[in-house]
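>>> Below: sequence and its predicted model.
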Amino acid sequence: MIGETGPDFGRNSVPHSIDAAFTALPLRALADAALARARALGAEHADFRLERIRSASWRLRDAKPSGGSDTTDLGFAVRVVHGGSWGFASGVDLTMDAAAKVASQAVAMAKLSAQVIKAAGSDERVELAEEPVHADRTWISAYDVDPFEVADAEKAALLADWSSRLLAADGVAHVDASLLAVHENKFYADTSGTTTTQQRVRIHPQLTAVAVNATTGEFDSMRTIAPPAGRGWEYLTGTGWDWNSELEQIPGLLAEKMKAPSVRAGRYDLVVDPSNLWLTIHESIGHATELDRALGYEAAYAGTSFATFDQLGSLKYGSPIMNVTGDRTAEHGLATIGYDDEGVEAQSWDLVKDGTLVGYQLDRRIAKLTGLGRSNGCAYADSPGHVPVQRMANVSLQPDPGGLSTEDLIGGVERGIYVVGDRSWSIDMQRYNFQFTGQRFFRIENGRLAGQLRDVAYQATTTDFWGSMEKVGGPQTYVLGGAFNCGKAQPGQVASVSHGCPSALFRDVNILNTTQEAGR
Amino acid sequence: MTSSIRSTKPHEIVERALELSTADGCVVIADEQSTANLRWAGNALTTNGVTRGRSLTVIATVEGREGTASGVVSRSAVTAADLEPLVRAAEAAARGAGPAEDAQPLVTGTPASPDFTDAPAETSSAVFADFAPALGEAFARARAGGRELYGFANHELVSTYVGTSTGLRLRHDQPKGTLELNAKSPDRQRSAWAGRATRDFKDVDPTVLDAELAVRLGWAERKIDLPAGRYETLLPPTAVADLLIYQMWSAAARDAAEGRTVFSKPGGGTRVGERLSELPLTLRSDPNAPGLESAPFVIAHSSGDDASVFDNGLPVPATEWIREGELARLTTTRHSAALTDLPLSPAFGNLILDGGGDRSLEEMVAGTERGLLLTCLWYIREVDPATLLLTGLTRDGVYLVENGQVTGAVNNFRFNESPVDLLSRASEAGRTEKTLPREWGDWFTRAAMPAVRIPDFNMSSVSKGV
């Protein structure tokens, strides 16, 4: 639920207000100056976005500070539709004159576009899908403690303590620790009358233990599988993840991995843990169901999609138990918002229903172009200097309401591998052929775990893989994973996105031995 | 609203920030950035933009009983009112951070840049004054020729001003332009790509690239299915650049000395001095390389495995990373050089591979009995750091060469290969030429590479993607 005038708070979170230092900026005055200039110059549509994004990192190497940064990006952008063409410009001077000037530059860019389009003999015109006016809306994500209100010394001390715990264990030669935190404020206004002010917080702690056999030169690592989250500092102090338990397990798991046998390449049944499956979902479903990609707007860079628009409603994406949603409302999701960067209210919808492609991720231009009606709110720009592009919602695989536990899924496998944690990922430009590795691979023999394996990668084609999904775990196995660093568009932009999923069982998947792949 | 200091010259902002500093040491980096870009799909412009920005990074260093700490705070759109809080924030960050492992005395002695007090360089949409009409013409020709054009043209200028409390006053202007053009058949079953790096868009013509791509789409009219396997393969310069850039990412001396990279020697130490290739390959970087000029001094906004904020302003010399096939250097900061007892070798701003050959890619094709000619590589990711095994895909055209001629287009493949291993197996390197790395071209554009022949490139599986 989003408030008409007051902020909406996530469940179980501490109520916050939009940062007063942000609201003290001349948001509306700058917007008015820019939008008025755009209107005066004949723009059919104009939107203004002012952002302040504070991003910080803290890095420790073997429990000692090894680099950090604290960066605040502040600026504004004006985007126009003028003469049927897009125009975009951005600036950093927070004055009315500068805002108007940037609006003029955006119109000038639209005119330049129009010249090129005319020279090409095209009659293409940009039009936007209708969206209700959302006036004076405020939205704040669900978090308890803003990480930027915690002293740097406290952050460094906690990371150093965690690192020291790992370093103290037998077999751990090195520990890398990092913490990323972001506090994002956006103000949006457009010529239709929508104005929104939003605030989001996200955080990503990560620790990696490294073991080295000095004699043989062999080495390996084991990383925490705690996902990044749309939470605050409380994520490191017991809310949402059990750090003590995970840190305690890592040295033993790493020692076992160093001694583990190399996998025999071949075909195996896989039980894939949510800590690994989220990334497979991201690459093979999340990106593949971006309609701008499917239509070719990312063709030269990120690529297109095998899930082409003509197959909407008919493409058999996977097995009939496969249900995937796009969601911009999930609590603590990294792509969770109140309104997108085109003023569209956050929504939740189906992408894959009973194994069939039934939906796409949209922005207003793509929604209008394809006749799909209203945008489902997937426009996002990662900075005030970038134009909004269609970016991923939280794309999640739904659990089976009465589904099995992970242990019971493993219990149904005679010979297979249980895959935990993400590591390496790669997929082709139409999202068919992928290869993933992980943090931990456990051999399954007769329904039980039988120690770890090394050098494992799984390789498949998207529809084959999802078609081989025989069982989806229950809600008790569901975890919201995700990433801070999803890249797309030119100029390149980075977005954060979450993917929820249960454990799942896949039959007869191709497993590579990475040492053999390296020719050894 | 406080008064803006955007009218104030960057060097004055640097001086003012240094004056405000009460820390034991201070480094101030002002980056003045401007960009202009055009993007297109299906023979039509889709987005475009111009941007102008400034960011100021303040690095404070504070001496303590247990060592020197550093704090790094950056802010864009700095106003006069922000300057003192920014300096204080960096000092507070240093005090809260604890001793920095990479602490060194701030650099002294680098001669001041003569243009330190000059206004920043700036780009604008005017950089496309000739290019934009030519692009429209390319769209029209493509449309008439049954081709769809997709792509991106980007120009960026960053003027960086570095001042330190030890007296350094340095400035570097870095232009960076890229043109990427992708042509597809209307059914999107054939695809070809070409890219160029440029400093000013005066030396790139989209109509010429479109003509190149028309030839390649013509090659693809004959389709040939090949299975996964090991094939003699000609890697074009862009692909060689992408692989070697990744290799250099993994070339931090400290990690190698700690036994956790492909450049670690079993039993301890690094592989520096080891022969990596039988070919006389020399991989080098040089800030003054013509057409590939990069910063001649260290610019480090934060510390990391191969960079240290304490090294800001340190001269970056020309460096041979691989000399005549032998691993000569790994990247070091002053701190990691001392730790590893290896020479100081700051990270690079360009990368050049000389292979001793003088044949063009076309001549290498003519000299191939049967093999694959790649266009470029894509989605390159590390599978195993011990071997530096990378995976990724071919993209936008794999061609079969038979008896010195391209005879058709082959399906795409996923590869699993290590660049270090490829260097050991390479049987020929051609003529070095400037190239745009496809995969990493959004941040690393300054490369010159030869095409390289690999007798047995590992195409791990077939990719249906086009």
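Looks like it came in fine.
>>> going forward, measure contacts between C-alpha atoms and count neighbours the same way
Fine.
>>> can you tell me which residues contact residue B:439?
Residue B:439 makes contacts with B:242, B:377-380, as judged by CA atoms under 8 Å, 6 or more residues apart in numbering or on different chains.
>>> Kindly indicate which of the residues you listed lies nearest residue A:58.
Top of the list for closeness to residue A:58, among the contacts of residue B:439 and by CA to CA, is residue B:380 at 26.8 Å.
>>> Surely residue B:71 is within a helix?
No - judged by DSSP: H, G, I helix; E, B strand; the rest coil, residue B:71 forms no part of a helix; its state is strand.
>>> if I read this right, it contacts residue B:88, doesn't it?
No - in this structure, residue B:71 is not within contact of residue B:88 by CA atoms under 8 Å, at 10.0 Å.
>>> what about those two, which has more around it?
residue B:71 (29 against 20; other CA atoms under 10 Å in any protein chain shown).
>>> secondary structure class for the residue nearest to the more buried one when sequence neighbours are not counted?
Closest residue to residue B:71 apart from its sequence neighbours, by CA to CA, 6 or more residues apart in numbering or on different chains: residue B:94 at 3.7 Å. What three-state DSSP gives for residue B:94 is helix.
>>> just for chain B, where's the confidence low?
Along chain B, the parts satisfying pLDDT under 70 run over B:1-7.
>>> how about the lengthiest strand in chain B against chain A, any contact?
Secondary structure of chain B per DSSP state E: the longest strand is strand B:44-64. Yes - shown here: strand B:44-64 in contact with chain A (CA under 8 Å from any CA of the partner chain) through B:44-54.
>>> Contacts only, for the residue in the stretch 101-250 of chain A that chain B sits nearest to.
In the stretch 101-250 of chain A, the residue that lies nearest chain B is residue A:217 (3.9 Å; CA to the nearest CA). Taking CA under 8 Å, 6+ apart, we find residue A:217 in contact with B:259, B:264-268.
>>> next one: residue A:285
Per CA under 8 Å, 6+ apart, neighbours of residue A:285: residue A:395.
>>> burial measure for residue 239, as a count.
Went with chain A since none was named. Residues near residue A:239, counting by other CA under 10 Å, number 13.
>>> hmm, I had chain B in mind actually
26.
>>> Look up the closest residue to it, ignoring the ones flanking it.
Nearest residue to residue B:239 in three dimensions, chain neighbours excluded: residue B:376, at 5.2 Å (CA to CA, 6+ apart).
>>> Surely the one you found is in contact with residue B:241?
No - using CA under 8 Å, residue B:376 is not in contact with residue B:241; the gap is 10.0 Å.
>>> host element of residue A:28?
Per DSSP states H and E: residue A:28 is located in helix A:27-40.
>>> Indicate whether that helix makes contact with chain B.
No - interface with chain B: helix A:27-40 contributes nothing (CA under 8 Å from any CA), its closest point being 11.1 Å away.
>>> what angle sits between whatever helix or strand comes next after that helix and helix A:27-40?
Next along the chain after helix A:27-40, taking DSSP H and E as the criterion, comes strand A:45-61. Interaxial angle, strand A:45-61 versus helix A:27-40 (axes from the mean of the first three to the mean of the last three CA atoms, to 10 degrees): 130 degrees.
>>> what's strand A:45-61 packed up against?
Contact analysis of strand A:45-61 by 3 or more CA pairs under 8 Å, 6 or more residues apart in numbering or on different chains; DSSP states H and E lists helix A:27-40, strand A:64-82, helix A:152-167, strand A:174-190 as its packing neighbours.
>>> Tell me which residues are up against stretch A:249-260.
Contacts of stretch A:249-260 with the rest of the structure, by CA under 8 Å, 6+ apart, involve A:166, A:169-172, A:209-211, A:219-224, A:440, A:451-454.
>>> could you redo the last one with a cut-off of 6 Å?
Contacts with stretch A:249-260, where a contact means CA atoms under 6 Å, 6 or more residues apart in numbering or on different chains, come from A:222, A:452-454.
>>> gap between it and the chain center?
29 Å (CA atoms, centre = their mean, to the nearest Å).
>>> what is the rounded mean pLDDT of it?
Across stretch A:249-260, pLDDT averages out at 98.
>>> Would you mind naming what in the stretch 151-300 of chain A lies close to chain B?
A:152-153, A:214-217, A:297, A:300 (CA under 6 Å from any CA of the partner chain).
>>> Chain A: helices as residue ranges?
If DSSP state H is used as the criterion, the helices of chain A fall at A:20-23, A:27-40, A:96-119, A:152-167, A:243-259, A:274-281, A:291-295, A:364-369, A:406-411, A:462-467, A:514-517.
>>> again, but for chain B
All helices of chain B, identified by DSSP H, fall at B:10-20, B:80-97, B:131-144, B:206-219, B:237-249, B:253-257, B:334-340, B:361-366, B:419-425.
>>> And the first one, what's buried?
Translated: helix B:10-20. B:10-11, B:13-15, B:17-18, B:20 (16 or more other CA atoms under 10 Å in any protein chain shown).
>>> Point me to the residue of the stretch 351-500 of chain A nearest chain B.
Counting by CA to the nearest CA, the stretch 351-500 of chain A gets nearest chain B through residue A:430, at 5.0 Å.
>>> how many other residues sit next to residue 143?
You didn't pick a chain, so chain A it is. Neighbours of residue A:143 under the rule other CA under 10 Å: 27.
>>> other chain: chain B
For residue B:143, using other CA under 10 Å, the count is 18.
>>> go on, residue A:440?
Close neighbours of residue A:440, defined as other CA under 10 Å, add up to 24.
>>> Contacts only, for it.
The contact partners of residue A:440, by CA under 6 Å, 6+ apart, come to residue A:420.
>>> partner residues bridging it?
residue A:420 (DSSP bridges).
>>> just to revisit the earlier point, out of residue B:376 and residue B:241, which sits in the busier spot?
residue B:241 (33 against 25).
>>> who's in contact with that one?
Residue B:241 touches residue B:437, counting by CA under 6 Å, 6+ apart.
>>> cool, and residue A:414?
Contact partners of residue A:414, counting by CA under 6 Å, 6+ apart, are A:445-447.
>>> out of everything not next to it in sequence, what's closest to the residue in chain B that chain A sits nearest to?
For chain B, the residue closest to chain A is residue B:266, as judged by CA to the nearest CA, at 3.9 Å. In space, residue B:266 comes closest to residue A:217 once its chain neighbours are excluded; the distance is 3.9 Å by CA to CA, 6+ apart.
>>> mind checking how far the one you found is from residue A:459?
28 Å (CA to CA, to the nearest Å).
>>> Over to residue A:477?
24 Å.
>>> so residue 196 bridges to which residues?
If you meant another chain, say so; for now it's chain A. Beta-bridge pairing for residue A:196 (DSSP bridges): residue A:137, residue A:188.
>>> please go with chain B instead
residue B:179.
>>> Could you tell me how many residues sit around the nearest residue to residue A:289 once chain neighbours are set aside?
Using CA to CA, 6+ apart and skipping the chain neighbours, the partner closest in space to residue A:289 is residue A:360 (5.0 Å). Neighbourhood size, residue A:360 [other CA under 10 Å]: 28.
>>> Could you do residue A:276 as well?
Residue A:276, neighbours per other CA under 10 Å, totals 24.
>>> Residue A:320 and residue A:355 touch, don't they?
Yes - the pair residue A:320 / residue A:355 is scored as a contact, 4.4 Å apart, by CA atoms under 6 Å.
>>> Excluding chain neighbours, give the residue nearest to residue B:459 in space.
Excluding the flanking residues, the one nearest residue B:459 by CA to CA, 6+ apart is residue B:415, at 4.5 Å.
>>> Now do the phi/psi pair for residue A:18.
The phi/psi pair for residue A:18 (degrees, to the nearest 10) reads phi -60, psi 140.
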